[in-house]
Structure formats: structure tokens, C-alpha cells
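1. no FASTA, just this:
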């Protein structure tokens, strides 16, 4: 029997549950009496509950996030009905704020708000000694990160072989962006770099190759960032992937120069542009130098071998179709390898809620609580942007049609207009955003470009076939003998 089971549901198998490993690493004498069981969204709540209960646990700790709250709620309901004596403790960002009316809160025995490593360990100590506190909600931030036991030894060899290895060299964010939970308690704390890098070295020696840093603003402290960047440069191999989330307008020249030294495809950089609308930036307390951001993005694309992922978020206060259009065209000019068009989500506790009344912000009442409409962006516009986001993933982000898209951009006044019209065309022809084969995508693009009467059939067919055949192993046949009707 394992007295303590720590569990959650990740979006997919390749995602490792970093928070559970932190909890287990800091359980002290109870660590060896605990077990991590990870699941993913393709597994049913009934299967998950059965798998957890097979361990006959006294205590179950569950991580709750915006993507799994419904499923985890069902898991808790099943556990409490089948084994009511099992103590259920919940925690995570989705239950750290505005939790009082949530069904999962009513079902659970205890709730840990915010950073849980120390307070969870304290609660476990009391319960394992036979004391069950009356207090249901527990909260105590970790004052000094260096008092935490780092969790990296809790990555198994299976994790190293098949999952993303999450790493954290700092916590918090100095900025106040109101759509983000990190803005609630601004400020950045750093782990001891020397000890942190020792842990990274151990992982690399064990074979780890896929690292994703969860630091909210990795480059905010230049010396700290440079030490970590130089460490990974020394250990970089062609099969490695190192992911950082950066603030582009705060990147100094020293870091930019070091980024040039990474092998092709190893360095992945996530850049949150979010909006280019000055009024929206002011309303959400976001400061960003767009001129400097553009310069940095162009430098990274032209002077480094980094893969750049940049994103925009639709539906924020005062954002309009026109200003979102401007942001899209801004990113197309920068030409990052991936552009994500996101839809604003109302995270519980995020300060963006203060704008709901003034900007008539209507959010879906169910996870992931996406914005439905605002006073400056209609429901129809936001639905259209969601479809555009999916088609952009298929055509642009997956790198399937780089040369063909150069033709597509020429069919509209701007790239945004061109892609908006093309998205309407795809939706009208298929009524689908998923289950579109690569050959179907190629034929849709071929047919659309011919409809625009700007290019000859021979030119369009040649470019699309060049794109289609750029990657080896493609066996689907494409036939452009007739247009899609």
C-alpha cells in the first residue's frame, strides 16, 4: 500500500507534471511513502479513479488546471463515492482563486492555494501523525526558493526518454499584465544558479535532451540568464531542444550574441507579443517597446538558428478587428517560424476581470472560459479568428507551405486580409477545422489561388508541389487536374 498518491491529468502524454515532482521532492520522511501517477486527457475519469484507488491510498493529492478541471472534478467525485475515507487534497492555479462555488472544492477535503511545497508537506505531516485539521484552505507562499528540495531527481528514465523535462530557474514576473496570474503578486525570485546548473548537468548525463523552462521572464536578469545560456551552449547537441520564454524588448546585446552560438534547431524561443494596440496595452498594464521588439525578432530570425514562437491574444479590452489585423501583419513582417493566434481566457483571479463591465466582456461559463465577445469585437469576429488560428497552425506553423503562402499573401491588401478570406473559403468548402489531410490542404490552396486569377495554374501547381514534396516520406498523392467545387 502507498499511503500518498500524487496525480493530475496533463494535456498529452509528453507533458510531465512538474508540480507533482516538486511536491514529492519536498515531502521529507514521507517521500518514500508516496507515488506519482500521471494521466492525460485521452484517458477517462473512471479509468483514472480506478487506477488511483488500486493503490489503496490514504491521501490523494490532485493538480487542477484550466484544461483538466472538469475531468479532475469527476475523478474526485468517483473517489469520494467509492472510497469516502480517502482524503483528497486539491491544488493548482485553477483552484487557487474564486474557488468557493466550484463543485470540486465542495467535494475535496483540503485545498492548497498557490505554491504548495511547504504547506502540503506540513499538512501531510499532521495527517500521517493522525491529526486531521478542521481548516480546509491552506496557503503559505515559499519565502526562500533555496529552502526547496529541487525535483529533478524525480524525473524517471522513461520521462527523460519520452517526455518534456520542465525546468525552473526563477519564479514570478516583474510585470503586471492583467490577463496573467503572475501579475497578482509581482516580483521575481531566483534559485541558486550553481545548484540549479548541477541539477541540469545530472539530467544531461542521464540522457535528457528536451528542456522547457517555465520561467515567466527568463531574460529579466541578464547575468542569471547568461550563465544558463552559456551552460547549455557547452552541452548542446544537435538532438537537444532548449525552450525559453523571453521578453524581446528587454534582451541585451550580450544575450543576443550568445543566442547566435546555438546549433540549428536547438534553441526555441517563445515571445509573447499579445497586442500592438496602445490603448489595450495601457488597459492591461502591459509595457512593451514595439520598435525594439520588431528589431529583436528580426535579429533572431536572420542572425540565429533559433525557432521562434510568437503569439497574439484576441479579445482583450479595446482590441478591435483592425488592431488585431495590425498585430498579425506585424508578426508576418517579422516572419517567426510559428505564430499563435490565441483567444483570451478568463483565468480565475486575474485582474482583467475589472474591465468586464466597461467593455461588455462575455466569457464562456465553462473551461477554458474563452472570451465570446466584447464591446469592440463581435462574437462572429472572434469565432472567425478561432478558425484562422487553426488554419494558420496547419498552413504556417507546421511549415507545410512556406513558398505557397508567399503567393497567398499577395491575394489581399495585407497578409491578414488574404488569410482571413482564405479561411472563410476553407470553412465554406469543408465546414471543418480538423481532420483535414495534407493533400486536402494542398488542393484547397490550389483551388483558392486559381479563383483569385492572379497566377497561372502552372505557377501555382509548381509552387505547391515543391512545398508538398519538401519533406521526405510523404506518400499521399495530390491531383490538381480540377478545382474543388
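-> The structure has been received and is ready for your questions. Predicted model, so just to flag it, every value in this text is computed and none were measured. Residues are numbered from 1 along each chain as shown.
2. every contact and neighbour count from this point should use C-alpha atoms.
-> Will do.
3. check which element follows the longest helix seen in the chain along the chain.
-> Identified as the longest helix of the chain according to DSSP state H is helix 415-430. Next helix or strand after helix 415-430 toward the C-terminus (DSSP states H and E): helix 438-451.
4. just to revisit the earlier point, return the set of buried residues in the longest helix of the chain.
-> 415, 416, 417, 418, 419, 420, 421, 422, 423, 425, 426, 427 (16 or more other Cα atoms under 10 Å).
5. can you tell me the closest non-neighbouring residue to the first one?
-> Put plainly, it is residue 415. Nearest residue to residue 415, sequence neighbours excluded (Cα to Cα, 6 or more residues apart in numbering): residue 409, at 4.6 Å.
6. against residue 324, how distant is that neighbour?
-> 17 Å (Cα to Cα, to the nearest Å).
7. so which of those two has more stuff around it?
-> Per other Cα atoms under 10 Å, whichever of residue 409 and residue 324 has more neighbours is residue 324, with 23 against 17.
8. contact partners for the residue nearest to residue 26 when sequence neighbours are not counted?
-> Sequence neighbours aside, residue 149 is the residue nearest to residue 26 in space, at 5.6 Å (criterion: Cα to Cα, 6+ apart). The contact partners of residue 149, by Cα atoms under 8 Å, 6 or more residues apart in numbering, come to 22, 25, 26.
9. could you measure from residue 149 over to residue 451?
-> As judged by Cα to Cα, residue 149 and residue 451 stand 62 Å apart.
10. following the helix or strand residue 194 falls within, which helix or strand comes up?
-> According to DSSP H and E, residue 194 maps onto helix 193-205. Once helix 193-205 ends, the next helix or strand along the chain (criterion: DSSP H and E) is strand 210-213.
11. who does that next one pair up with?
-> Strand pairing for strand 210-213, determined by DSSP bridges: strand 165-167 (parallel), strand 241-246 (parallel).
12. now that strand, how far from the centre of its chain.
-> From the chain centre to the centre of strand 210-213 is a distance of 13 Å (Cα atoms, centre = their mean, to the nearest Å).
13. with stretch 246-265 instead?
-> Centroid separation for stretch 246-265 versus its chain: 21 Å, with Cα atoms, centre = their mean.
14. likewise stretch 21-28?
-> 24 Å.
15. residue 61 belongs to a strand, doesn't it?
-> Yes: counting by DSSP: H, G, I helix; E, B strand; the rest coil, one finds residue 61 located in a strand.
16. which strand residues bridge it?
-> As for beta bridges, residue 61 partners with residue 6, residue 89 under DSSP bridges.
17. wait, isn't it in contact with residue 90?
-> Yes: because the distance of 5.7 Å satisfies Cα atoms under 8 Å, residue 61 is recorded as touching residue 90.
18. who's more crowded, the two?
-> Counted by other Cα under 10 Å, residue 61 and residue 90 do not tie: residue 90 has more neighbours, with 29 against 23.
19. wait, what's in contact with that one?
-> Residues near residue 90 by Cα under 8 Å, 6+ apart: 61, 62, 63, 64, 105, 108, 110, 111, 112.
20. and for residue 9, the neighbour number?
-> By other Cα under 10 Å, the residues close to residue 9 number 28.
21. what about it, which SS state?
-> Strictly by three-state DSSP, residue 9 counts as strand.
22. and what of residue 309?
-> Here residue 309 takes the strand state, with states given by three-state DSSP.
23. tell me the confidence at it?
-> As predicted, residue 309 sits at a pLDDT of 97.
24. tell me if I'm right that it and residue 339 touch.
-> Yes: counting by Cα under 8 Å, residue 339 is a contact partner of residue 309 at 5.9 Å.
25. who's more crowded, the two?
-> Legend: neighbour count by other Cα under 10 Å for residue 309 and residue 339, higher for residue 339 (21 against 18).
26. past the host helix or strand of that one, which element shows up next along the chain?
-> Assigned by DSSP H and E, residue 339 belongs to strand 338-343. Downstream of strand 338-343, the next assigned helix or strand under DSSP H and E is strand 362-363.
27. okay, now the domains of the chain?
-> Domains of the chain are assigned by automatic domain parsing as 4-142, 155-377, 398-485.
28. any chance of the ones you listed in TSV, with distance to residue 392 too?
-> What follows is the domains of the chain, written out as TSV (distance: least, Cα to Cα, whole Å):
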stretch	distance to residue 392
domain 4-142	21
domain 155-377	8
domain 398-485	8
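29. so for residue 384, which of the ones you listed sits nearest?
-> When those are compared by Cα to Cα, domain 398-485 sits nearest residue 384, at 7.9 Å.
30. for stretch 157-176, give the mean pLDDT please.
-> Averaged across stretch 157-176, the pLDDT comes to 94.
31. quick check: buried residues in that stretch?
-> Of the residues in stretch 157-176, those buried (16+ other Cα under 10 Å) are 159-160, 162-173, 175-176.
32. ok, stretch 340-359 next?
-> Going by neighbour count (16+ other Cα under 10 Å), the buried part of stretch 340-359 is 340-352, 355, 359.
33. excluding chain neighbours, what is closest to residue 332?
-> Closest to residue 332 by Cα to Cα, 6+ apart is residue 415, at 7.3 Å.
34. re earlier: for the helix holding residue 194, packing partners?
-> Packed against helix 193-205 by the contact rule (3 or more Cα pairs under 8 Å, 6 or more residues apart in numbering; DSSP states H and E) you find helix 222-235.
35. which ones are touching residue 219?
-> 225, 246, 247, 250, 251.
36. again, 6 Å this time
-> By Cα atoms under 6 Å, 6 or more residues apart in numbering, the contact list for residue 219 reads 225, 246.
37. about what we covered before: dump the strands paired with strand 210-213 to TSV, plus distance to residue 140.
-> Below are the strands paired with strand 210-213 laid out as TSV (distance: least, Cα to Cα, whole Å):
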stretch	distance to residue 140
strand 165-167	22
strand 241-246	27
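38. among the ones you listed, which is nearest residue 134?
-> Taking those one by one with Cα to Cα, strand 165-167 is closest: 34.9 Å.
39. ok now the closest one, how far from the chain's centre?
-> Relative to the mean C-alpha coordinate of its chain, strand 165-167 is positioned 13 Å out (Cα atoms, centre = their mean).
40. pLDDT at the closest residue to residue 35 other than its chain neighbours, what is it?
-> Leaving aside its chain neighbours, residue 35 sits nearest to residue 5 (5.0 Å; criterion: Cα to Cα, 6+ apart). Listed pLDDT for residue 5 reads 98.
41. contact partners for residue 5?
-> Neighbours of residue 5 in contact, by Cα under 6 Å, 6+ apart: 34, 35, 36, 60.
42. and the helix or strand harbouring the second one with strand 59-63, angle?
-> When secondary structure is defined by DSSP H and E, residue 35 falls within strand 34-40. Strand 34-40 runs at 40 degrees relative to strand 59-63, counting by axes from the mean of the first three to the mean of the last three Cα atoms, to 10 degrees.
43. nice, that's everything, thank you.
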